[in-house]
Each structure stands twice: as C-alpha cells, then as structure tokens.
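J.: how would this look folded up:
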Amino acid sequence: SRSKSNALITDPEIAQKHVLNMVKDQSLNCLSGKKIPCKINSVCIHGDNISSLNTAKIIRSNLHNNGLELKALNKMKKFL
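T.: Numbers count the residues shown, from 1 in each chain. Predicted structure coming up:
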C-alpha cells in the first residue's frame, strides 16, 4: 500500500539492486525477507516521482551490465 512509508523505492541505487534480485531470483522480494516465487519477465517503473527517469536508466544499465537481455514488450513471445 502506498499509504505505508516504505511502499515506494525512490533511491535509484536501492531500486537497481531490488530489481536485479527479483529478476535473478524469479521472485517478489518482500521487506520481511520472504521471497514469493513469481516469473519476472518485465519491470514497470512508475513515473510519478522526480527520480523516475534516473531510476529507469540505472535499472536498465544494471540489468544489461549483469548480462540480462532486454527487449521491448512487443518483441517478447509472451506479448505477441
């Protein structure tokens, strides 16, 4: 819930680590430490805060630098 103080990751450095871990673990990683298995094949970055564009650039670069192939949604079999 966005009503909770930690509901939104606004620090790009924390966001890049969080997203990389989600993709590598194929799980939703909760603040409690619990990992909920889930197929992760896309990432949505909300653009309603001042750091959104910078966060998106850092996440993209980090995924690429960790050997992950990035594709536009319309190029993924799942969405054809």
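J.: what about the spatially most central residue of the chain, distance to residue 3?
T.: With distances taken as CA atoms, centre = their mean, the residue of the chain nearest its centroid is residue 19 (3.4 Å). Distance, residue 19 to residue 3, using CB to CB, to the nearest Å: 23 Å. C-beta: built from backbone N, CA, C; applies to glycine.
J.: coming back round to it: thought the residue nearest to the centre of the chain was touching residue 43?
T.: Yes - counting by CB atoms under 8 Å, residue 43 is a contact partner of residue 19 at 5.7 Å.
J.: quick one: the helices in the protein, in order.
T.: Using DSSP state H, the helices found in the chain span residues 12-25, 52-65.
J.: quick one: contacts for the residue lying closest to residue 56 once chain neighbours are set aside?
T.: The shortest distance from residue 56 to any residue other than its chain neighbours is 4.7 Å, reached at residue 45 (CB to CB, 6 or more residues apart in numbering). When contacts are counted by CB atoms under 8 Å, 6 or more residues apart in numbering, residue 45 touches 52, 55, 56, 59.
J.: related to what we said a few turns ago, give me the common contacts of residue 19 and residue 43.
T.: Residues touching both residue 19 and residue 43 (CB under 8 Å, 6+ apart): residue 59.
J.: show me what contacts the residue nearest to the centre of the chain?
T.: With CB under 8 Å, 6+ apart, residue 19 has these contacts: 43, 59, 62, 63.
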